[in-house]
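> Got a predicted structure here, sequence first:
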Amino acid sequence: MRKNFGAKPWTYPQPVFIIATYGEDGTPDAMNAAWGGISDDTQISMCLSAEHKTVANILARGAFTVSMADAAHVAECDYVGIESANKVPNKLAKAGFHTEKAEHVDAPIIVELPMSVECRLISYDEETCRLVGEIVNVSADEKILDENGKIDPVPPGGCHRDFQYFKRGEKI
Ligand SMILES: Cc1cc2nc3c(=O)[nH]c(=O)nc-3n(C[C@H](O)[C@H](O)[C@H](O)COP(=O)(O)O)c2cc1C
């Protein structure tokens, strides 16, 4: 027997995306995004509400980075999803995150999160909230590379269900 849930935005396990940007004055910001995914070889799509400071930053600078929340930083990642830089301009520092500039785009990388996808804005539709980015680089901290130099997907991966966070399982 299977149970039907109707039309839901679910593709479990869903990563928790942390989108980092620079404001007009260069202050880094980040937000939490539950709804998004890869939509082509070098494209990522997300559903971002227009009122977020992150969206204003992306439209102004044309760039952003995407990291995945991990279990070690769940409090920090949650904070950037419940506070807005429209109200708390130094929100990222308050969250306890540190940043450095991404090598390939005009956006910050969150040092504490070990994997980062550097993106340039392709399009944003205010009505549908759909934002599409071109992936121009992926970088990862050496500490999450396996013996073959590939990214070990287990440590970066936290996931969510109904805005609650879960720690992903082990390699099988
Ligand atoms: C778990 C979680 C998932 C979220 N997912 C999304 C999302 O997919 N799209 C969106 O527009 N906002 C989402 N939000 C809300 C934003 O992260 C939140 O409003 C944030 O404060 C915006 O920050 P900013 O104004 O500094 O950009 C989510 C929040 C949480 C806690």
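Yep, it's here. Since the model is a prediction, treat every value here as computed from it, not as a measurement. Numbering: from 1, shown residues only.
> With adjacent residues omitted, what lies nearest to Val88?
Using C-beta to C-beta, 6 or more residues apart in numbering and skipping residues adjacent in sequence, the residue nearest Val88 is Lys94, 6.2 Å away. Quick note: C-beta positions are derived from backbone N, CA and C, even for glycine.
> Next: Ile58.
Nearest to Ile58 is Phe64, by C-beta to C-beta, 6+ apart, at 5.0 Å.
> so what's the one you found up against?
For Phe64, the residues meeting the contact criterion (C-beta atoms under 8 Å, 6 or more residues apart in numbering) are 19-21, 54, 57-58, 105, 107, 119, 121, 133.
> now those in CSV, with distance to Ala75?
As requested, the contacts of Phe64 are exported to CSV (distance: C-beta to C-beta, whole Å):
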residue, distance to Ala75
Ile19, 18
Ala20, 17
Thr21, 21
Thr54, 19
Asn57, 23
Ile58, 25
Val105, 27
Ala107, 23
Cys119, 25
Leu121, 29
Gly133, 27
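> Keep only those of those residues that are in strands.
Among these, the residues falling in strands (DSSP state E) are 19-21, 119, 121, 133.
> which of these lies closest to Lys101?
Ala20 (10.5 Å; C-beta to C-beta).
> Just the buried residues of stretch 81-99, please?
For stretch 81-99, a neighbour-count test (16 or more other C-beta atoms under 10 Å) marks 81, 84-85, 91-92, 95, 97, 99 as buried.
> circling back: roughly how far does the residue nearest to Ile58 sit from Val55?
Here Phe64 is placed at a distance of 10 Å from Val55 (C-beta to C-beta, to the nearest Å).
> cool, Glu127 as well?
13 Å.
> Which one's more surrounded, the two?
Taking neighbours as other C-beta atoms under 10 Å, Glu127 and Val55 compare with Val55 leading, 20 against 6.
> just to revisit the earlier point, farthest-apart pair in the ones in strands among the contacts of Phe64, please.
It's Ala20 and Leu121 that sit farthest apart of these, by C-beta to C-beta, at 13.7 Å.
> From the neighbour counts alone, determine which of these two ranks first.
Higher neighbour count among Ala20 and Leu121: Ala20, with 27 against 18, using other C-beta under 10 Å.
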